[in-house]
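1. when you get a sec, could you give me coordinates for this:
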Amino acid sequence: MIQYFNKAIGPYLSFNKKSYLYFGGTSYLSLQTHYRFKRWLLKGILKYGAHHGASRQSNIRISLFEKVERVLAQKTKAPRALLSSSGYLAGQMVAKQFLNDPFVPIYLPGTHSALKIDPKAKETHYDSIEIKLNELFSLKKQAVIFLDSIDFKGRHYPEFRPLKGIDLSSCILVVDDSHALGICGLNGAGSYEILKQLKPRELIVTASMGKGMGISGGVVFCEEHRANAITSSATYGGASPAALAGLYAYLEAPEIYQKQLLKLHENTKRFIKGLDYPEFFDNHLGHPAFGFQSPQLSKELKEAGFVITNFPYPTEKDLIMSRIVISAGHKKKDIESLYKTLNTLIASLK
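-> Residues are numbered from 1 along each chain as shown. This is a model prediction of the structure:
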C-alpha cells in the first residue's frame with residue numbers, strides 16, 4: 001500500500017490515525033531531518049543560489065566543484081573524483097565508455113541498472129565468470145566486469161569473495177558503491193581502497209551521494225586517463241552539475257557526518273546483538289540494511305507498528321524487496337523494540 005506525506009520522512013511516521021517506527025529507505029545518516037545539517041544547506045543556498053544552471057565545461061565556472069572532488073578523492077584514496085548530478089548519471093557516463101569493440105561487459109547478479117545501457121542486459125552467474133573471461137581473452141576482447149559493492153545478499157562487500165581467486169589483472173572493474181559510500185569503510189570512505197587490493201587492470205567506482213552522504217549528486221572515482229575521457233564526453237558536458245548547496249554542507253559539516261556515522265554504527269551493532277535469529281536476514285558485515293523474503297513477516301511488522309522497505313524493485317514486475325534499514329536517527333528504545341518484536345515474530349514463523 002502506497003502512503004504519501006507532505007514533509008520529510010524520518011524515523012517516526014503517523015498515518016491513518018496510527019503511529020509507526022520507520023525502518024526503511026536509504027537515508028542511513030538521517031541527515032534529511034538533522035536540524036544543524038539543514039542549516040548548512042540553507043547557508044549553501046544563500047551563498048550559491050538555488051541552482052547552478054551551467055555546464056561544468058562552461059567558460060564561467062564555480063570552484064567548489066573541484067574543491068569537493070579533491071576532498072572526495074583524498075578521502076577514498078582514488079586518483080580522481082568527478083561529480084555529477086546523480087549516481088545514476090555517474091553510472092551511465094561510465095557505462096558509455098565501454099559501448100564499442102573491443103569492450104565486452106560482464107554483469108554480475110544484481111548489478112544496478114545505472115551501470116547498464118540496456119537495463120535488461122543478461123547477467124553472468126558467479127560460477128560462469130572464469131569461463132566467460134577465458135572465452136573473451138581467447139578472442140582478444142577486453143572484459144569489463146560490472147557489479148554493486150552492496151548487493152543486499154551479503155556476497156560482495158567487504159570480502160568480495162566471488163572475485164577472489166580470479167585473475168583480474170586483465171579486467172576493467174566497474175563498481176556501484178552507492179550504498180557503501182559515506183557509511184562503510186574507514187570513516188565512510190566506501191569500497192575503493194578494498195577493491196584496489198583485488199588488483200584489476202583498471203578500477204572505476206561510481207556512487208550516489210544521496211544515500212550515505214545525504215546530499216543530491218553522484219560521483220565517479222577513477223584514474224586520471226579515465227577522468228579525462230569522461231570529462232571529454234558529450235554526456236558530461238551536456239549534463240547539469242551536482243547541487244552546490246549540498247556540496248557546501250558536506251565540506252562545512254564534517255563533525256555532523258562523524259557523529260551521525262558513529263550513531264549509525266552503534267545502532268547497527270545494537271540491533272545485531274539483540275537478534276535471536278540473525279541468520280534469517282541477508283546482510284553485509286557492518287552495513288545497516290537487512291533483507292529477507294517473507295511477506296508474512298512484513299505484514300505482521302506493520303501490524304505491530306513498524307514500517308519497512310517493502311515494494312517491487314526496480315520495476316512493478318519485479319519481486320517484492322523487503323528490507324529493514326537501521327539509521328542514525330533511531331533511538332536506543334526504537335532498536336530494542338524492533339529486535340524484540342522480530343524475535344517473537346520470527347520464532348512463530350519457524
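2. quick one: low-confidence residue ranges for the protein.
-> Residues of the chain meeting the criterion pLDDT under 70: 350.
3. would you map the helices across it?
-> In the chain, the helices defined using DSSP state H lie at 35-48, 64-76, 87-95, 129-138, 192-196, 224-231, 234-238, 244-252, 254-274, 295-303, 332-349.
4. what is the fourth one packed up against?
-> Using 3 or more CB pairs under 8 Å, 6 or more residues apart in numbering; DSSP states H and E as the contact definition, the elements that helix 129-138 packs against are strand 103-107, strand 142-148. Just so you know, the C-beta spots here come from the backbone N, C-alpha and C atoms, and that holds for glycine as well.
5. can you report how many residues lie near Ile106?
-> Close neighbours of Ile106, defined as other CB atoms under 10 Å, add up to 21.
6. separation between it and Leu133?
-> According to CB to CB, to the nearest Å, Ile106 and Leu133 sit 8 Å apart.
7. do the same with Pro79
-> 25 Å.
8. count the neighbours of the closest residue to Ala78 other than its chain neighbours for me.
-> Leaving aside its chain neighbours, Ala78 sits nearest to Phe221 (3.7 Å; criterion: CB to CB, 6 or more residues apart in numbering). The local packing of Phe221 (other CB under 10 Å) involves 31 other residues.
9. beta partners of Phe221?
-> Beta-bridge pairing for Phe221 (DSSP bridges): Ala81, Val205.
10. give me every residue that touches it.
-> Residues in contact with Phe221 (CB atoms under 8 Å, 6 or more residues apart in numbering) are 72-73, 76, 78, 80-81, 177, 192, 204-207.
11. which PyMOL command selects the buried ones in these?
-> Buried subset of the contacts of Phe221, written as a PyMOL selection, criterion 16 or more other CB atoms under 10 Å:
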select buried, resi 72+73+76+78+80+81+177+192+204+205+206+207
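12. in space, what's closest to Leu31 - neighbours in sequence excluded?
-> That would be Gly214: by CB to CB, 6+ apart, it lies 3.1 Å from Leu31.
13. if you could redo that for Ile272, that was the one I meant.
-> With CB to CB, 6+ apart as the criterion, Ile272 has its nearest non-adjacent residue at 6.0 Å, and that residue is Pro278.
14. for Gly53, same thing?
-> Gly53's closest residue in space is Ser240 (CB to CB, 6+ apart), at 7.3 Å.
15. tell me, how many residues neighbour that neighbour?
-> Ser240: 15 neighbours (other CB under 10 Å).
16. one more: the one 10 residues further on?
-> Counted with other CB under 10 Å, the neighbours of Tyr250 add up to 26.
17. in this structure it contacts Lys67, no?
-> No: the pair Tyr250 and Lys67 does not pass the contact test of CB atoms under 8 Å, sitting 10.4 Å apart.
18. re earlier: more neighbours: which of Pro79 and Leu133?
-> Counted by other CB under 10 Å, Pro79 and Leu133 do not tie: Leu133 has more neighbours, with 21 against 14.
19. list the contacts of the more buried one.
-> 106, 143, 166, 171.
20. show me what the first one bridges to in the sheet.
-> It stands for Ile106. Ile106 has these beta-bridge partners by DSSP bridges: Ile145.
21. how about the contacts of Phe221 in JSON lines, adding distance to Gln92?
-> Shown next, in JSON lines, are those (distance: CB to CB, whole Å):
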{"residue": "Leu72", "distance to Gln92": "19"}
{"residue": "Ala73", "distance to Gln92": "21"}
{"residue": "Thr76", "distance to Gln92": "21"}
{"residue": "Ala78", "distance to Gln92": "19"}
{"residue": "Arg80", "distance to Gln92": "18"}
{"residue": "Ala81", "distance to Gln92": "17"}
{"residue": "Asp177", "distance to Gln92": "15"}
{"residue": "Tyr192", "distance to Gln92": "19"}
{"residue": "Ile204", "distance to Gln92": "13"}
{"residue": "Val205", "distance to Gln92": "15"}
{"residue": "Thr206", "distance to Gln92": "9"}
{"residue": "Ala207", "distance to Gln92": "13"}
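22. among the contacts of Phe221, which one sits closest to Ile256?
-> Nearest to Ile256 among the contacts of Phe221 is Leu72, at 16.9 Å by CB to CB.
23. related to what we said a few turns ago, out of the helices and strands packed on helix 129-138, deepest packed?
-> strand 142-148 (a mean of 23; mean count of other CB atoms under 10 Å).
24. packing partners for that one?
-> strand 103-107, helix 129-138, strand 172-176.
25. among the ones you listed, which is nearest Lys299?
-> That would be, of the helices and strands packed on strand 142-148 and by CB to CB, strand 172-176, which comes in at 31.0 Å.
26. shared neighbours of Ile106 and Leu133, anything?
-> Ala143.
27. pop the domain breakdown of this protein in here.
-> Following automatic domain parsing, one finds the domains of the chain at 13-33+254-349, 52-242.
28. closest to Phe271 among the contacts of Phe221?
-> Nearest member of the contacts of Phe221 to Phe271, counting by CB to CB, is Asp177, at 22.9 Å.
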